[in-house]
Each structure stands twice: as C-alpha cells, then as structure tokens.
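[1] what's the 3D shape of this:
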Amino acid sequence: MTCSAMQVSADGLLCCTISSDRSVKVYDVVNYDMMVMIRLPYVPGAVEWVYKQGDVKAKLAISDRNSSLVHIYDARAGSNEPIISREIHLGPVKVMRYNSAFDIVISGDEKGIIEYWSPATLQFPESEYVPMFTVNFRLKSDTNLFEIAKCKTTVSAIEVSPDGNQFSITSPDRRIRVFWFRTGKLRRVYDESLEVAQDLQRSDAPMYRLEAIDFGRRMAVEKEIEKTETAPQPNAVFDESSNFLIYATLLGIKIVNLHTNKVARILGKVESNDRFLRIALYQGDRSSKKVRKIPAAAANVNESKDPLTDPTLLCCAFKKHRIYLFSRREPEEPEDATKGRDVFNEKPPADELLAVSDIGKAVTTSLPDNVILHTTMGDIHMRLYPEECPKTVENFTTHCRNGYYDNLIFHRVIKGFMIQTGDPLGDGTGGQSIWGREFEDEFHKRPFTVSMANAGPNTNGSQFFITTVATPWLDNKHTVFGRVVKGMDVVQGIEKVKTDKADKPYQDVKILNVTVPKS
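    As a prediction, the model looks like this:
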C-alpha cells in the first residue's frame with residue numbers, strides 16, 4: 001500500500017506515515033530506523049504530532065476517514081489502543097495542524113469547518129490545560145473561521161507560522177487565506193484562480209506575463225490537476241520571521257511580504273515543465289550538529305564548505321517523482337558530473353522511462369521504436385518516438401541501418417549538459433540527412449532526451465545529442481525524437497571524459513555500430 005500522509009514532529013525527532021491498509025509507521029529520524037508500527041481498526045484520514053519538545057508522551061493524533069472521531073496515541077508506548085478518542089467535528093477530519101507555540105491543534109473537516117482544540121482534552125481550549133490568554137474568542141461567530149464553509153469549499157492544507165500567531169489555509173477554490181491565530185480573524189486573502197492568472201497575462205506587468213504558448217500549456221496543466229484526485233495538495237508556508245508567505249502557483253513559487261502585501265520574488269518561473277505544488281522551507285544552519293549527516297558517498301550530494309546559513313526550499317511537482325530544491329547556491333560542476341545539479345539516487349519508474357504515446361501507432365508501425373548504440377564505453381539503449389517524429393526517426397534509423405554512424409566519435413561533450421555525435425567530419429560542421437538536404441523540426445518535449453542538433457530552425461541533418469540534465473531553455477528549438485531507457489551510466493561516463501577548450505574529448509569515444517530491430 002502507498003503512503004497516504006506523512007508528518008514530522010515539532011522537535012524534528014519523530015516521523016510517521018499512515019496508509020489505507022490501516023497501518024501507522026513511526027520512525028526515529030536521527031537513527032533512520034522504524035521504531036513502532038500501529039495497526040488501526042479503521043482507515044486513517046489525517047495524522048499530526050501533537051506534543052511539545054520535552055513532553056513525556058509522544059502524542060500522535062489520527063482521524064478516522066469515515067467518521068468524525070479523532071484518536072490520540074502514545075507513539076513511544078507502541079500500543080494499538082488510543083489514550084483518548086473524541087468526536088471533534090460533525091464530519092470526517094481532513095486536515096490537522098499543531099500549533100506548538102500555544103499547544104493547540106487547528107483542524108478542518110470535509111465541509112470546510114475549522115476547529116481549535118487541545119490535544120490533552122480534544123476540546124476547545126478553555127480548560128485548566130490551556131491558559132485563558134491562548135485565544136481571544138469563545139464563539140466562532142466572533143471570528144472568520146466560517147469563511148471556508150461560507151465559500152462552499154474545503155481545506156487542502158493548514159500551515160502555522162513559527163511564532164504561532166498566524167496560520168494559512170489553502171483550498172480547492174485556489175485562494176490562500178491567512179488568519180490571525182488568537183482572534184481567528186482573516187488577515188490576507190490571495191486569489192490565485194485561473195481567471196486572475198488570465199487577467200495578469202493580459203496586463204502589462206512583465207513580472208507576471210509568460211509567452212503565449214507557455215501560458216497555454218500551463219493552463220492545460222492546471223485543468224489536468226483539477227481532475228486528478230491523487231495530486232499533492234498545495235500548501236502555503238511561512239518563513240522564519242513569519243513575515244513572508246511562500247506558495248506555489250501557475251507562474252512559479254511566490255514569496256509574498258505579508259506586511260507590505262506585495263510579491264517580493266517568484267522562484268522557478270523558468271521551469272516551464274514543472275508545476276510545483278507542495279513545498280517546505282528549511283532555514284537552519286547547515287553546520288548544525290543536532291541532525292546526523294548522511295555520508296556523502298551514500299547521499300550522492302555536494303558537500304559545501306560554506307558555513308553560512310543557506311535557506312532551502314524543497315518542492316514536489318505534478319506528475320514528477322523527484323524532489324526539487326531551491327537555494328542561493330549555484331549548481332556546481334565538479335570532476336564527477338554525477339554530483340551536478342541533478343542527483344540520480346533512484347531508478348526512475350518504468351512508466352516514466354518507457355512512456356511513449358500510443359496515438360498514431362497504426363500509421364507508423366513500419367518505423368523502429370528502439371535502437372542500441374554500441375560505443376567504446378558501453379551500450380546505450382534508446383526509445384524512439386516514431387508516432388510524434390516520424391520523419392526524424394526515419395532519417396535516424398535509416399542512417400543506423402546503413403552504417404552511417406559506425407566509428408563516428410562523440411565530438412562535443414559538455415559536463416552537466418549533453419553529449420553530441422553524428423558528424424562524419426568529427427568537428428560539428430558535417431553530416432546530412434538521408435534525403436541529402438536539411439529537413440524541418442518536429443517538436444516533442446520529454447525529459448532525458450535524444451534530440452537533433454541543428455544550426456537554427458529546420459536545419460536538421462545527421463547530428464544528434466543526448467541531454468544529461470533538464471534543459472528547458474531548449475524547448476521548441478530542437479526536435480526530440482527519443483530517450484535513453486538503459487545505459488544512462490554509459491552516457492554519464494562519456495559526459496565525464498576530459499575535454500579541450502572546444503569541448504572535444506582528448507581521447508576519442510566512438511559509436512562502434514548501431515543495432516536496429518527488424519520492422
């Protein structure tokens with residue numbers, strides 16, 4: 001079963017996951033070890049740690065997906081029996097967030113109703129367990145906590161500011177609402193609906209405008225997200241000062257100054273192929289000894305000697321299996337190219353490696369859909385796109401069958417970018433198509449791509465290159481006609497060879513021959 005939710009405790013020492021198979025797994029963060037597994041008699045809906053640093057009991061709140069019950073467990077005890085259970089809402093609880101500064105939990109149910117409650121009693125904070133000054137209201141009618149329900153929407157995520165004085169709520173209506181915690185009053189509402197995005201696109205503000213084609217593609221992705229129930233729920237987090245709100249939008253990740261009510265910066269606007277959804281912010285000291293470091297060899301990441309604090313934004317994106325990190329550091333280019341911008345620390349899933357559209361297969365069944373490049377450093381298996389790029393694939397596979405690429409060198413190798421070959425002259429100036437002339441582009445974007453090299457629009461010949469990182473700046477400039485599905489280590493090995501100032505390897509790396517399956 002897949003993990004349906006994951007939470008880390010306020011002190012950062014414990015992590016837990018819940019699954020629809022009715023299991024709860026508790027992990028020791030420092031020791032990277034699972035310490036407890038709890039079996040539930042119900043399907044869990046939401047989970048949240050509800051204890052402060054130093055508490056004897058590591059209290060874990062879990063809601064029932066099919067009822068209004070919330071149960072509190074002691075994770076360290078390892079018991080399957082809850083400490084206390086109570087119905088807090090009238091319906092199933094969808095989201096819970098613990099405000100450690102005031103020892104209060106904020107929760108939202110499926111109808112958009114917001115509640116405050118104490119983890120000790122599972123009741124409104126007005127008993128001896130909670131100081132009277134924690135909240136400044138006794139009736140929700142004195143607050144704006146009914147705002148979500150009034151707008152006939154629900155709660156996607158709740159985030160609390162580090163000082164505990166504010167919390168944010170994101171909703172399916174694409175509005176981000178910021179509340180004052182003590183009064184329950186609205187402070188800000190940010191409308192990120194598609195209608196507002198279209199208005200901004202038509203405006204004269206360069207900060208918010210995109211190329212027409214790019215904007216249209218992003219709008220299509222937004223509509224797809226709305227139809228995908230399994231997409232990560234977007235959230236809006238606060239920075240360490242509680243003065244900035246950070247959340248992902250169609251344009252990129254916005255950093256909003258809550259005091260001036262202005263957008264201070266937009267991150268990831270150029271990453272047009274990635275729609276970021278859920279984010280987390282780390283602003284601690286990288287040299288801190290509180291957290292055990294992963295050995296560099298195992299983690300496959302760069303170890304920086306810079307002692308300065310480096311704010312890092314961690315993001316996940318729609319239909320992507322990767323985690324993206326934004327920081328103030330530029331990607332390094334060490335001798336070992338595997339430690340560049342992109343870290344390949346797991347095998348990509350088969351559906352991502354072999355995802356090729358079935359549309360148009362009946363028309364292009366005569367064209368091969370895969371080849372194997374046998375090089376002096378190993379074999380490279382490539383998946384081709386005859387449905388999307390029939391002319392390019394026909395040109396490439398015909399050259400392969402005719403032995404055109406046999407013994408040709410990789411004449412251009414750039415670390416952290418690509419490896420290029422296909423030129424009989426070996427200097428990047430030669431090569432022609434099977435028709436003896438240049439032919440037009442056939443655009444089709446995919447990650448980890450095999451693309452035609454050209455000298456401008458519609459100037460394709462025989463040269464091609466294999467990218468080793470994401471290259472959004474090449475979108476709509478080079479025909480993408482395939483992707484490496486096996487032998488990525490060979491590609492990375494070629495990428496790491498020593499080159500001269502013209503990016504030509506000192507020692508030749510050649511294509512010995514190419515295997516093309518029979519049609």
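[2] And this protein, what are its domain boundaries?
    3-236, 370-515 (the TED database).
[3] Model confidence score at the residue lying farthest from the centre of the chain, please.
    Of all residues in the chain, residue 436 has its C-alpha farthest from the mean position, at 44.0 Å, by CA atoms, centre = their mean. Predicted confidence (pLDDT) for residue 436: 76.
[4] One more: residue 21?
    92.
[5] So which of the domains of the chain is nearest residue 282?
    domain 3-236 (10.5 Å; CB to CB). All C-beta spots, glycine's among them, are computed from the backbone N, C-alpha and C.
[6] what's the offset of that closest one from the middle of its chain?
    Centroid displacement of domain 3-236 relative to its chain, using CA atoms, centre = their mean, to the nearest Å, is 20 Å.
[7] how far does that domain stretch from start to finish?
    Counting by CA to CA, to the nearest Å, you get 22 Å between the two ends of domain 3-236.
[8] ok, residues contacting stretch 451-461?
    392, 395, 420, 422, 428, 431-433, 438-441, 463-467, 474, 477-481 (CB atoms under 8 Å, 6 or more residues apart in numbering).
[9] buried sites along it?
    By neighbour count with 16 or more other CB atoms under 10 Å, stretch 451-461 contains the buried residues 451-454, 460-461.
[10] Same list (these) but as a markdown table, adding pLDDT and secondary structure.
    Shown next, in a markdown table, are the buried residues of stretch 451-461 (pLDDT from 0 to 100; DSSP: H, G, I helix; E, B strand; the rest coil):
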| residue | pLDDT | secondary structure |
| --- | --- | --- |
| 451 | 88 | strand |
| 452 | 88 | strand |
| 453 | 87 | coil |
| 454 | 83 | coil |
| 460 | 83 | strand |
| 461 | 86 | coil |
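[11] which stretches of the protein have low pLDDT?
    Where the chain drops to pLDDT under 70, the residues are 1, 127-133, 285-308, 331-365, 440-448, 519.
[12] mind listing the helices for it?
    Per DSSP state H, the chain carries helices over the ranges 147-150, 194-202, 212-227, 296-299, 350-353, 390-401, 488-495.
[13] now the last one, how far from the chain's geometric center?
    Translated: helix 488-495. For helix 488-495, the distance to the chain centre is 25 Å (CA atoms, centre = their mean).
[14] Put the buried members of the contacts of stretch 451-461 into a PyMOL selection.
    If you want just the buried ones from the contacts of stretch 451-461 in PyMOL, going by 16+ other CB under 10 Å, the selection is:
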select buried, resi 392+395+420+422+428+431+432+433+439+441+463+464+465+466+467+474+478+479+480+481
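[15] Restricted to strands, list the contacts of stretch 451-461.
    Using DSSP state E, 420, 464-467, 480-481 are the members of these that sit in strands.
[16] that older thread, residue 57 versus the residue farthest from the centre of the chain, what's the distance?
    79 Å (CB to CB, to the nearest Å).
[17] cool, residue 246 as well?
    32 Å.
[18] Pick out whichever of the two has more residues nearby.
    residue 246 (22 against 15; other CB atoms under 10 Å).
[19] residues in contact with that one?
    Per CB under 8 Å, 6+ apart, neighbours of residue 246: 236-239, 253-256, 279, 281, 313.
[20] Adding neighbour count and distance to residue 199, write those out as CSV.
    Output for those, formatted as CSV (neighbours: other CB atoms under 10 Å; distance: CB to CB, whole Å):
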residue, neighbour count, distance to residue 199
236, 24, 21
237, 19, 26
238, 22, 27
239, 18, 28
253, 20, 20
254, 23, 16
255, 17, 21
256, 21, 18
279, 22, 25
281, 19, 29
313, 22, 27
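[21] Next, format the residues you listed as TSV and append distance to residue 112.
    Output for those, formatted as TSV (distance: CB to CB, whole Å):
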residue	distance to residue 112
236	17
237	21
238	22
239	27
253	26
254	24
255	27
256	23
279	23
281	26
313	28
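[22] from those, which ones fall inside strands?
    Applying DSSP E to the contacts of residue 246, the entries found in strands are 236-238, 253-256, 279, 281, 313.
[23] how about stretch 504-519: buried residues?
    504-505, 509-511, 514, 516.
[24] Over to stretch 35-52?
    Buried residues in stretch 35-52 (16+ other CB under 10 Å): 35-36, 38, 40, 43-52.
[25] what do you get for stretch 183-200?
    Within stretch 183-200, the residues that count as buried by 16+ other CB under 10 Å are 183-184, 187, 190, 192, 196-197, 200.
[26] Dump the C-alpha coordinates for stretch 420-439 into CSV.
    Provided in CSV are the C-alpha atoms of stretch 420-439 (Å, rounded to 0.1, in the frame of the first residue of the first chain):
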residue,chain,number,x,y,z
GLN,A,420,26.9,15.1,-29.2
THR,A,421,27.8,12.9,-32.1
GLY,A,422,26.7,12.0,-35.7
ASP,A,423,29.2,14.2,-37.7
PRO,A,424,31.4,12.3,-40.2
LEU,A,425,33.9,15.2,-40.1
GLY,A,426,34.1,15.0,-36.3
ASP,A,427,34.1,18.8,-35.8
GLY,A,428,30.4,19.6,-35.7
THR,A,429,30.2,21.0,-39.2
GLY,A,430,29.3,17.9,-41.3
GLY,A,431,26.6,15.4,-41.8
GLN,A,432,23.4,15.4,-43.9
SER,A,433,20.0,13.7,-43.9
ILE,A,434,19.1,10.6,-45.9
TRP,A,435,17.4,13.0,-48.4
GLY,A,436,20.6,14.9,-49.0
ARG,A,437,19.1,18.1,-47.6
GLU,A,438,18.1,19.7,-44.3
PHE,A,439,14.6,18.9,-43.0
